[in-house]
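**Q** mind looking at a prediction? Sequence and model below.
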Amino acid sequence: MSRRRRSAPKEDEPQLDMSSMIDVSFLLLIYFLVTSTLDPKETDLGMKLPTTESTASNPVEIDQMTIEVNSEGHIIVDQEVLDTDLEDHSVPLLSAKIGEYAQAAQLTNSQPIVVVSADDAAKGQRFVDVLNALASAGIQNVTITGFTEK
């Protein structure tokens, strides 16, 4: 009689289940993507690139208004002398011109931009009169420069 020899059961090679490791790596990837923040320097760029779309929404742009106060205290708007009376602090002609400019800006849906140039020899009160007229018209985009007449 022959003896049957039973072979010992083969021990399985140890295996590592990779599916759980892949799941964990994807979860970590999603976590870091969700919790990361964008670089604020890249997101705050106020740049408008040219497009092929028509500008039918805002076809009219208004130019900036330039107000000058010369050394005598005369107020000049776009090369036109308006108020020369130094005692009148209400500057009626300037206020009317600024009001028209603000209305034109409102009709075209654009921001009114004003540049105020004051001579160094001009009285400070005259400069304040111009700023008061701008404030009463509700214009907030004002650039202030100085100049010296030659």
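**A** Right, received. Where do you want to start? Numbers count the residues shown, from 1 in each chain.

**Q** okay, CA-based contacts and neighbour counts for the rest of this
**A** Will do.

**Q** pull the contacting residues for Glu68.
**A** Contact partners of Glu68, counting by Cα atoms under 8 Å, 6 or more residues apart in numbering, are 75-77, 116-119.

**Q** relative to the strand or helix carrying it, what are the paired strands and their orientations?
**A** For Glu68, the host element (DSSP states H and E) is strand 65-69. According to DSSP bridges, strand 65-69 forms sheet pairs with strand 75-77 (antiparallel), strand 113-119 (parallel).

**Q** what's the first helix or strand after the longest one?
**A** Where DSSP H and E defines the elements, the next helix or strand beyond strand 113-119 is helix 124-137.

**Q** columns mean pLDDT and distance to Thr35 on top of the strands paired with strand 65-69, output as CSV?
**A** As requested, the strands paired with strand 65-69 are arranged in CSV below (pLDDT from 0 to 100; distance: least, Cα to Cα, whole Å):
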stretch, mean pLDDT, distance to Thr35
strand 75-77, 87, 54
strand 113-119, 84, 41
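
**Q** just put those in TSV and tack on distance to Asp88.
**A** TSV is the format used below for these (distance: least, Cα to Cα, whole Å):
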stretch	distance to Asp88
strand 75-77	12
strand 113-119	18
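
**Q** just these: most buried one?
**A** Scoring the strands paired with strand 65-69 by mean neighbour count under mean count of other Cα atoms under 10 Å gives strand 75-77 as the most buried, with a mean of 22.
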